[in-house]
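A.B. asks: The sequence and its predicted three-dimensional model are supplied below.
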Amino acid sequence: MQEHPNLSYIKELSGDDAEFEQKFMRILKDEFPEESQTYYYHIENDELEMAAEIVHKLKHKFNILCLPNAYRLAVVYEEELRSGNKQKDDNLRVVLNQVKDYLNSL
C-alpha cells in the first residue's frame, strides 16, 4: 500500500491553531525545495557525505508529513550514502517528487 503525505501530525501538533499550522507549512514549503535541489546537486557531483547530510534533514520532513516508509528509507539511505552507496537514489527521488507535488497542491 502506497503512503500519501498528509497534515494530520501538524494538525495534531497545532491543537487547531490555524496560524501555527500556516507557519509550519510555510517553513516546509520554503525549506523542502531548497533541500531537495541541494540533494540532487550533491548526488550529481558524487558528494555523498553532503548528500547524506541533506537526507538527514529530509527524513524529518517525511516524518512530519506522515510518511513512515519514506522515513525508514531515508534512515537506511543516509547510512548507505555515508558508506559510498547511492543505489537508493531512484527510490528517494520518487518520494521527493511525491512530497513536492503534495506541497505544491497546498
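C.D. replies: Thanks, I have the structure now.
A.B. asks: Correct me if wrong: residue 49 contacts residue 83.
C.D. replies: No: the pair residue 49 / residue 83 is not scored as a contact, 10.2 Å apart, by Cβ atoms under 8 Å. Every residue, glycine included, has its C-beta placed from N, CA and C.
A.B. asks: Who are the packing partners of the lengthiest helix in the chain?
C.D. replies: Using DSSP state H, we find that the single longest helix of the chain is helix 18-44. Counting contacts by 3 or more Cβ pairs under 8 Å, 6 or more residues apart in numbering; DSSP states H and E, helix 18-44 is packed against helix 8-14, helix 48-64, helix 89-105.
A.B. asks: so for the first one, what's the average pLDDT?
C.D. replies: Okay, so that is helix 8-14. The predicted model assigns helix 8-14 a mean pLDDT of 93.
A.B. asks: what residues does that helix touch?
C.D. replies: Under the contact criterion Cβ atoms under 8 Å, 6 or more residues apart in numbering, helix 8-14 has outside partners 20, 21, 24, 25, 63, 64, 65, 66.
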